[in-house]
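**Student:** Build me a model:
(chains A and B)
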Amino acid sequence: MTENLADVTELSDTQIAAEGTATKKRGRKKSAGQIWLQEAVRPEMKLVKRGAMLQGLSEIMWIPQAALLALAIAGLIDPHGPGLDPFYAAASTLFLAVIRHVLRVKGGEIAVRAASKARHRLEISLLSNLTDLSPAHELPASGKIASIAVEHIQAIGPYLGRFLPIQARLSLVPLALVSSVAYVSWFAALCLLVFGPLVPVFMAIVGIRAKKASERQLGVLADMSGFLLDRLRGMETLRLFGAVKRSEDDIRKLGGEFRLSTMRVLRIAFLSSTALELFSAAAIAITAIYVGFSLLGDWAFGAYGSPLTLAGGLFMLMIVPEYFSPLRAFAAAYHDRAAGIAAADHIVELQKQLESDSKHEVVGADIDVVPLPVSGALTIKNLRVTRGGRTILSDVSLSISEPELIVIKGPSGTGKSSLMDCILGFLPAELGQISYGGLPLSSYGLTNWQQSISVLSQNPELFHGTLRANLRRADKSADDAQLTEALKLAAVDELLCKIPNGLSGPIGEDGKGLSLGERRRFALARAALRKDARLIIADEPTADLDGATAQKVVTALKTLAHNKPVLVATHDPRVVSSADRVLTLKEGVLVELSEREGEQQ
Amino acid sequence: MRSSLRIIWLLQKEEPLAFWGGLVLAFLPAAAGIALLAVSGYFITATALAGLSAGAVAFNTSSAAGSIRLYACMRIFGRYAERVITHDATFRFLANLRSGVFRGLVARADNGTLSQRSATALSRVVSDVDQLDGLFLRLVVPLASAAIITGLTLVILWQYSPMASIALGAVQAAGLTILAKSGGHRKKAQARKLNAARDALRVRVSDLVRGRRDLSVFGGLEQQRAAALKAVDQLDEMQEQSELTDMRNQAVISTMSQVMIAVTFLFAAYAYQQGQMELKHIALFAFVAMALPELLISVANSAGSWSKMSGAADRVRSLLSVGQDNEALHNARRNSETPAFENGSNALLLKDIGFAYTPKAAPILNGMDLRLPTGSRTVVIGPSGSGKSTLAAIVARLQTPQNGTIQIGGVDLAELAEDKLRATLTVVGQRTQIFHSTIAENLRVAREEATDSELWEALAHAGLKELVESRNEKLETRLGEGGLGLSGGEGRRLALARAYLRDPEIWIADELTEGLDHATADTVLVSFRAMTRGKTVLMVSHRASELEGADRVLVLEQGKLSEVEMPLSQEIKDRLRDD
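**Tutor:** Next up is the predicted model:
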């Protein structure tokens, strides 16, 4: 139903755009999406116009077809007037029909392919933007981005491939048809010239009224689908409280209210298509009556000198309905435009969010990359980080070189995660420097650096695929024995029994089927597999785990810390008590606690 | 296609007036459009003939001009009335369909066949319903009026020239066949592939967005991007194919209409030359042939969406029928006994319960027994993934075990009437579902007829009274997106307030304080204990603080429950979270 509603709210646009020449252009503000859309499809506009030309040509060829048929009919009736052999006329009409078909299909193909090309280009640019972006950049929910990539960019296709070609021939085809009518009778042509532009004018008036009405209804026009989705999400609660039946009734009742209020708007909006019918039916009726009385000899005006012939009359009657059909097609395709613009608004909004931050790979992209040493000291000096105008880390210094378990304490929101992001090169530092083995991180190439760290994030991401494929992301060469060993170390080897087919068994989208604890430990196994990691970073590894499970995670981290430095951000006392070194992050400054202080805490 | 027809039939039964009224009204303007052109053509030729026979008065101009005006008016006003009526009908259908789909999904959840409860799966169902808005408007109305009018026209024209009428019918039938085929199997396969390509891209992109942190570290960002690009290629290819098919179909229909005019004219001319037809009817035929394809064009414009609709109809129909079956099951249970709770009896009795999520997976519960005496407080602990939450879901009949029996207040759960079960037992837990409506409506989910003062009492017990009182709209404050956002603890309390309004005999608490910080968890527990005084309580937990005041503690391990001694040993305490 959204199409209709879109029609309602956008109707005034339609009609004004419909025949831009006919209506006085008013200073309407274009939405950001509209402006962006015009730019985005510019490379394909030429192709679209060419497609529209071919299709327009095909439509104009109705003129010779109509002329042939009119002459043939008139010839049968009045053997003395101008005429044509019926067989010849039918054959020529068929021949022209074939040409028209070819032109129309060719034009359509050009437009559809152009649309597909534009869509493809936009999708690729969105995907590259996403991959180039720093992972620390805050983005809308993944589902929202996915729906932009899938549905919204797709919506631009019909706008470009269907709507724009129709719009392009909207002025061309009717003008050609009117000229052909004018050749027979200036009076009939005048009628069409007056009626044609009146259609958009009336539609615009109706559209403005409908828009007002729909604005008044806005409160009631709550999104029905949203309501259903809300109830479905809360289904368990509704079942628990025996409120299922009631919700069904609610859904029905709300549907009824929705119907009433929407119909109130639509009753006005439908007047616009009535205007189209009115003028098209009136034009046919007037033409028929005018021609009829002229032929009877009662009326003698409108033609040039000689009286109107039957052939001329029939010809005009055949042209008149076609005169209005581009307008009809335009109205039918109009929701493609509304959908395209709505989609463009979403895309622009996302793009703004993508652009507001610096790009991820810029640092060190063109610098000669130095090979990363096998070991070295990670030194952070006077690091200062600001995000969105707020200083998160003001002056942080830290040096890590030995294999040990280092804990960074501090309540949530103090910047522990930001510090980790800086070490990973996800977040740029405003001041200060992070270096490894004496050289700044950027000299190794950011990607190389990132891939030399093992990370256990708070919400570890597992990917669609087998257990094996997920684990091998950390170490491509690892064999099954090594994978099993890593799972054991992370105390998550019971997964091998739980998931059918063990290592070859699948993990669903988003690690579905695994509990948070299992996911966390699985990610720990993955982190442990990266043998050449210079550093292991873990962000709140025990949050929301039960005691026994949390203990297993701590033990595993401790084991890993025998071989390489492990940096953990946490406020779990269990982890803190096993740490070799404890630091506290307070007001953007890192404070190292001495042994004694640590114990006091 | 069959599913679409079933759904249409259902709609017809539910809203006969709107359905048939809409169809009749759709028929009138379409017929008037054809009649307008036909009569106009007839009128012109007749006047020409009259003009030729030098002013003969045989032809009645005013009646022909009158019918032209009549048909024009019918066309104009009929179209308006039709659009209003058919849209009104569509909204009625959608309201019915939505509630039917809701019932079906609940039924699926009831009998455990709701495979996916992710937000994406649910929103797919919702968009299926939206998809079906065209079922009446774009399938039934244009097809029915095209068929009826073609038939009628042919019958009328038969009297003038059978041969020309047959030619007209044949071309029109060919057009309809082409359209039906385009909405048929090939198109359906295409639509299925298109959907698959869409889903693939959706998964790839959300993996890319959610996983970019881990992908950057563990490599594979490029791989994931390449996979997404491949999905884009596939999707665009499929989309282009489908758009090309639609475009070609429409072109074919438009060409058909020209063929129809030429062929009909030829046959009419032949019939005239054979002396079988009057002269003035030739134009009649020609203009009917010109107007008739208009019906097909309106059908063709929507043909592209048929296959989408038919896929949606398949899914929606299966939901509708599941919903009806479930209704029958509930009706069969309606007259069950009422659970009784006396001191010393068992409020809840589980025997030999076996449960696995899928037939292949290892069972989560295996031969589990549990007995809750009326008025007792029991806590079940166990490592994560041991099936504690499954236990809670089974007792509440949110999941059905494969083996074993459950009795609530002496009545077999499998036979217990839904309303009696829900009045007796409720679950509060980690999954707090808050609806996008007012606080009052959120609370009245539990008891529709609750008065405002009862709502306030429940809020007070849950410790939410101050928060709600501080809002200007009080009980009418909207929650959820765009409204008041509740913190985790507040949401949990709202769920408690809901349960309090129900006042059940048995309370199941499923990880009541999961994900809450220490202080918040304590206040939630205080509210919970106050509300459940004297009731039968089963808590499922891994937090030490939830064990306070328990009569018994049970450990769930390897699918079975075993009682642990009180006071708790250090070993058990170590397994719990102590914050």
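**Student:** Mind telling me what element A:A528 is part of?
**Tutor:** helix A:516-529 (DSSP states H and E).
**Student:** Check A:L585 too.
**Tutor:** strand A:581-586.
**Student:** Just checking: what are the partner strands of that strand?
**Tutor:** strand A:405-409 (parallel), strand A:589-592 (antiparallel) (DSSP bridges).
**Student:** related to what we said a few turns ago, tell me what the helix or strand just after the helix holding A:A528 is packed against?
**Tutor:** Once the chain leaves helix A:516-529, the next helix or strand it forms, by DSSP H and E, is strand A:535-539. For strand A:535-539, the elements it packs on are helix A:416-423, strand A:453-456, helix A:516-529, helix A:547-560, strand A:566-569, judged by 3 or more C-beta pairs under 8 Å, 6 or more residues apart in numbering or on different chains; DSSP states H and E. No exception for glycine: its C-beta is placed from N, CA and C like everyone else's.
**Student:** any chance of these in a markdown table, plus mean pLDDT, mean neighbour count and distance to B:E454?
**Tutor:** Formatted as a markdown table, the helices and strands packed on strand A:535-539 follow (pLDDT from 0 to 100; neighbours: other C-beta atoms under 10 Å in any protein chain shown; distance: least, C-beta to C-beta, whole Å):
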| stretch | mean pLDDT | mean neighbour count | distance to B:E454 |
| --- | --- | --- | --- |
| helix A:416-423 | 82 | 24 | 44 |
| strand A:453-456 | 83 | 26 | 48 |
| helix A:516-529 | 81 | 25 | 37 |
| helix A:547-560 | 81 | 21 | 40 |
| strand A:566-569 | 88 | 27 | 46 |
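**Student:** want to throw the ones you listed into CSV with distance to chain B?
**Tutor:** As requested, these are arranged in CSV below (distance: least, C-beta to the nearest C-beta, whole Å):
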stretch, distance to chain B
helix A:416-423, 9
strand A:453-456, 5
helix A:516-529, 4
helix A:547-560, 4
strand A:566-569, 13
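**Student:** Quick check: which of these is nearest to A:G242?
**Tutor:** In terms of C-beta to C-beta, the element of the helices and strands packed on strand A:535-539 nearest to A:G242 is helix A:516-529, at 30.7 Å.
**Student:** any idea how far the closest one is from the chain center?
**Tutor:** On the basis of C-alpha atoms, centre = their mean, to the nearest Å, helix A:516-529 is displaced by 33 Å from the centre of the chain it belongs to.
**Student:** Kindly report the same for stretch A:273-282.
**Tutor:** That offset, for stretch A:273-282, works out to 37 Å (C-alpha atoms, centre = their mean).
**Student:** now what about stretch A:184-198, what contacts it?
**Tutor:** A:19, A:22-23, A:174, A:177-179, A:181-182, A:275, A:279, A:282-283, A:286-287, A:290-291, A:301-304, A:308, A:312, A:315-316, A:320, A:323-324, A:327 (C-beta atoms under 8 Å, 6 or more residues apart in numbering or on different chains).
**Student:** want to throw the strands paired with strand A:581-586 into JSON lines with mean neighbour count and mean pLDDT?
**Tutor:** Formatted as JSON lines, the strands paired with strand A:581-586 follow (neighbours: other C-beta atoms under 10 Å in any protein chain shown; pLDDT from 0 to 100):
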{"stretch": "strand A:405-409", "mean neighbour count": "23", "mean pLDDT": "86"}
{"stretch": "strand A:589-592", "mean neighbour count": "15", "mean pLDDT": "79"}
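**Student:** Which strands or helices does the helix holding A:A528 pack on?
**Tutor:** With contacts taken as 3+ C-beta pairs under 8 Å, 6+ apart, helix A:516-529 sits against strand A:453-456, helix A:467-472, helix A:480-489, strand A:535-539, helix A:547-560.
**Student:** The same query, at a cut-off of 7 Å, please.
**Tutor:** strand A:453-456, helix A:467-472, helix A:480-489, helix A:547-560 (3 or more C-beta pairs under 7 Å, 6 or more residues apart in numbering or on different chains; DSSP states H and E).
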